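J.: Build me a model:
(2 chains)
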Amino acid sequence: DAGVIQSPRHEVTEMGQEVTLRCKPISGHDYLFWYRQTMMRGLELLIYFNNNVPIDDSGMPEDRFSAKMPNASFSTLKIQPSEPRDSAVYFCASSLASGGRYGYTFGSGTRLTVV
Amino acid sequence: GQQLNQSPQSMFIQEGEDVSMNCTSSSIFNTWLWYKQDPGEGPVLLIALYKAGELTSNGRLTAQFGITRKDSFLNISASIPSDVGIYFCAGTNFGNEKLTFGTGTRLTIIP
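T.: Reported below is the predicted structural model:
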């Protein structure tokens, strides 16, 4: 199993540009999570999906952030327009049902820098 | 959102030393997990605990589920250079898909 695959690994963009982060979960996993990691806030849950349906987006910081999961093998997190304070490492993770019980598998992350 | 408190925030040790860290919560959990994050990578699950008082080992790592169910502990024996990284605890309860993560303990090994 290739694990959770995220792309790109690094993204540098100018303020105001649209940024799209991509994630391929582990095949057969029912849940997909998007996290943001910063030194100040640690790991923050942004949104999670169950069977491609968004369940809880209360962690999405503002309307500039949106996430989709068009099918079981692909999800995107979009920031439009991007701002310097969005600079962080964004992780995607997936799990089987009751994954909270058995833990998530994380991708390697996308390091986003907005200048 | 809520975060669990981990202590210490950072540790600087010499190779071969034993390491102890802990994680505390204001809420009760019935599942505790410990993750390790290598530099430039995502967190990786090390140990899962499901019962108060449970002690579980994974090689040189040993974790305990606190009796009060509000805390957990991780010990690393005879540390080696590859132990460097950030260690996170996480807690959850039955039927809850969301994990609550700790603030992390950063482990550095001094040559």
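J.: alpha carbons only for contacts and neighbour counts from here, please
T.: Noted.
J.: Lowest-scoring secondary structure element of chain A by mean pLDDT?
T.: None of the helices or strands of chain A scores lower by mean pLDDT, DSSP states H and E than helix A:99-102, at a mean of 76.
J.: For that one, name the packing helices and strands.
T.: Based on contacts counted as 3 or more CA pairs under 8 Å, 6 or more residues apart in numbering or on different chains; DSSP states H and E, there is no element that helix A:99-102 packs against.
J.: Tell me where chain A has strands.
T.: Here chain A has its strands, by DSSP state E, at A:5-7, A:10-13, A:19-24, A:31-38, A:42-50, A:53-56, A:65-71, A:74-79, A:88-95, A:105-106, A:110-114.
J.: As CSV, the ones you listed with distance to chain B, mean pLDDT and mean neighbour count would be great.
T.: Shown next, in CSV, are these (distance: least, CA to the nearest CA, whole Å; pLDDT from 0 to 100; neighbours: other CA atoms under 10 Å in any protein chain shown):
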stretch, distance to chain B, mean pLDDT, mean neighbour count
strand A:5-7, 11, 98, 20
strand A:10-13, 11, 98, 14
strand A:19-24, 13, 98, 21
strand A:31-38, 8, 96, 22
strand A:42-50, 6, 94, 21
strand A:53-56, 10, 95, 14
strand A:65-71, 17, 97, 16
strand A:74-79, 17, 98, 19
strand A:88-95, 7, 97, 26
strand A:105-106, 6, 96, 24
strand A:110-114, 9, 98, 20
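J.: Which one of those strands lies nearest to B:L99?
T.: Among the strands of chain A, the nearest to B:L99 by CA to CA is strand A:42-50 (8.9 Å).
J.: Which strands border the closest one, and is each parallel or antiparallel?
T.: Counting by DSSP bridges, the strands paired with strand A:42-50 are strand A:31-38 (antiparallel), strand A:53-56 (antiparallel).
J.: What residue, apart from its backbone neighbours, is nearest residue 104 spatially?
T.: By default, I'm working from chain A. Spatially, and ignoring its direct neighbours in sequence, A:Y104 is nearest to A:S95 (4.9 Å; CA to CA, 6 or more residues apart in numbering or on different chains).
J.: Not quite, go with chain B.
T.: Once flanking residues are discounted, B:G104 sits nearest to B:F88: 4.6 Å by CA to CA, 6+ apart.
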